[in-house]
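Visitor: coordinates only, sequence not included:
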């Protein structure tokens, strides 16, 4: 068996120590309990502190477990919480763009639609909440695949079905599409999933900058993509909306 | 595509609510341009007593108006009118010479007039003034609160009779201050707010002298009753100096207006802590035999007033909060949907949240909450489902009562409020009502309603048809449940409701 990394073992021991019995411990208590030199113990504590796993109580200088550990324990964002936070912003996006808006999250091998705002004309539309969309061809799916490593591995492993002649199915082409998505911060789907339909999507991040979902504007290709060019103001509106929802979830400005 | 920041002109709306005051600036499409909001203190001097500091509220109102105007990057010249919507029934009396309140405002939830209301009912009981006012004699309404102030604030009755004291609900207080306060402020209220005082005659749209006599309230303190949409005066001073003050509507009536329920039979339901449903009944004053309230929906200028039936549900969103805070079954309100969606049905469990008795259409104060139909099979997920179903069934009971009283079938229900983000609840609602449930694109229907009324008054919008054209459907849920299933579930719910009754012993 390969030798374990000593500093990680020591860090783990420190966390166990802080988790048990007394809640707050001073540097010398920690160092002596674990048989470490003060300087060594301090270095490890400082690193744990920088990662949020340990916090230092300002008045006493003692150490305690950090909030990050709690977040690790229940890390996933409830999709209904996501919808509640996104409601106002997605309404406004539909209103300003004149197109329908979808909010999607990764679910198994596809995109689960968790929120849908109708196109604001008075036409008959059906609520698509609960529907699944493919990862490799939709704007929502591409954004999730570009930013979420789990989505990425699903999209790579799945059979990338050609829905239209424009669907990108070749792995290398798909990867370069994702590179471009990461570089510019948004993805598009121009008749790659449905004939006559185009959409633009951008990622939503939570407070730890984890990608938790994506928001997209979808409409007839003639309106979303006149003369073969995506309307830049539409792209800007989708990205603004994604940023606003991310801010509401506690993500910093970016 | 309309630009995100449309050019003016604009309409501003103030929402003086129970927990906060807000100001929202709207553009011609009814889209929100900017929002500012500030909470105020809830004062609880004794159990059951709830007060607000009206001076703090007026300061907050001035701040949020300035805040919203600054955030929008506009000036008074860009604002064509300002509208007011407010927490209803909350009662204030102040000195007209100094502008100083004589006491904190008595908030609608305050129950200190319970005994007074019983006494005022004499041998007739709750319904003594129902024919004139559409309301039961209950502690919510303003009239008994005015009487309490006159009886309990030293020297107030003498000052009132001398003509130095003004009474008003929060619309009157805000409008009086906006239009100059002690220096020429106009003392008015609108028909919707007046219809919640227990002092206005619904048939005549005027203060009822006989009731004033019964409650021993001097007419000198009363504001002038005006329509909901007309120019009452202009703002004196502050960032909106010179802007017409052009509407007032109680909050639930404002939501009805904002949802553009302008035709008879159209209804809206606002899902918050509690739920308020109003149905437009046109020019008919419908007496309810099912425990609903008869109230004024709105009145535009010199047009005929439009009436409404109102049903309220005391516990809806607050049941979800109870599951989170008291039971600890969920960590956030949104999680109720996650938990409830993990099962197919309620597993046979029904939750009647009669925490402080049953309200419309039963009005049983001896009822208390029950969870019925428990077996070992039932999990917390089934209970979560029963929690959401309770909101939907209670809505069904109100709509049934409305149909019974008015003879008008509900064609679709327009919804707003925080709980509309709960997709499962909205679908369940549609299933139980057997009618489409529709959510509009602007969630802020209360402020929007006040803005709409103000805009109509100054010709910013030509007519209600133009407002209807602004209304956008954001989502619609259609019924998916088969009729047999719905009927048998409803039967079970009604059985559970029956089991909640008679829990408290007869009051001695």
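Guide: Yes, it's here. Keep in mind that what you see is a predicted model, and the values were worked out from it rather than measured.

Visitor: What residues does chain B have near chain A?
Guide: B:1-4, B:29, B:31-32, B:331-338, B:418, B:420-423, B:441-443, B:472-477 (CB under 8 Å from any CB of the partner chain). No exception for glycine: its C-beta is placed from N, CA and C like everyone else's.

Visitor: from these, which would you call buried?
Guide: Buried members of these, scored by 16 or more other CB atoms under 10 Å in any protein chain shown, are B:4, B:31-32, B:333-338, B:418, B:420-423, B:441-443, B:472-477.

Visitor: Show me what residue B:371 bridges to in the sheet.
Guide: residue B:351 (DSSP bridges).

Visitor: and it, what is it in contact with?
Guide: B:349-352, B:383, B:386 (CB atoms under 8 Å, 6 or more residues apart in numbering or on different chains).

Visitor: Could you identify the most distant pair in the residues you listed?
Guide: Greatest spacing in the contacts of residue B:371, by CB to CB: B:352 and B:383 (12.6 Å).

Visitor: Among those two, which residue is more densely surrounded?
Guide: residue B:352 (26 against 22; other CB atoms under 10 Å in any protein chain shown).

Visitor: how far away is residue B:138 from residue B:253?
Guide: 18 Å (CB to CB, to the nearest Å).

Visitor: For residue B:477, which non-adjacent residue is spatially closest?
Guide: Spatial nearest neighbour of residue B:477, excluding adjacent residues (CB to CB, 6 or more residues apart in numbering or on different chains): residue B:430 at 4.1 Å.

Visitor: any idea which helix or strand comes after the strand or helix carrying that neighbour?
Guide: Using DSSP states H and E, residue B:430 sits within helix B:423-433. With elements assigned by DSSP H and E, the helix or strand that comes after helix B:423-433 is strand B:437-440.

Visitor: Report the strands that pair with that next one, each with its relative direction.
Guide: strand B:413-416 (parallel), strand B:473-477 (antiparallel).

Visitor: Just the mean pLDDT for the first one, thanks.
Guide: This predicted structure assigns strand B:413-416 an average pLDDT of 94.

Visitor: The last one too?
Guide: The pLDDT scores in strand B:473-477 average 93.

Visitor: helix/strand/coil for the residue of the stretch 101-250 of chain B found nearest chain A?
Guide: Across the stretch 101-250 of chain B, the shortest distance to chain A (CB to the nearest CB) belongs to residue B:249, at 22.4 Å. The three-state label given to residue B:249 by DSSP: H, G, I helix; E, B strand; the rest coil is strand.

Visitor: pretty sure it is touching residue B:453, no?
Guide: Yes. Residue B:249 is in contact with residue B:453 according to CB atoms under 8 Å; the separation is 5.9 Å.

Visitor: any common contacting residues for those two?
Guide: B:83, B:228, B:257, B:298.

Visitor: Excluding chain neighbours, give the residue nearest to the last one in space.
Guide: Right, residue B:298. Spatial nearest neighbour of residue B:298, excluding adjacent residues (CB to CB, 6+ apart): residue B:228 at 4.6 Å.

Visitor: wait, isn't that neighbour in contact with residue B:453?
Guide: Yes. Residue B:228 lies in contact with residue B:453 (CB under 8 Å); the separation is 5.4 Å.
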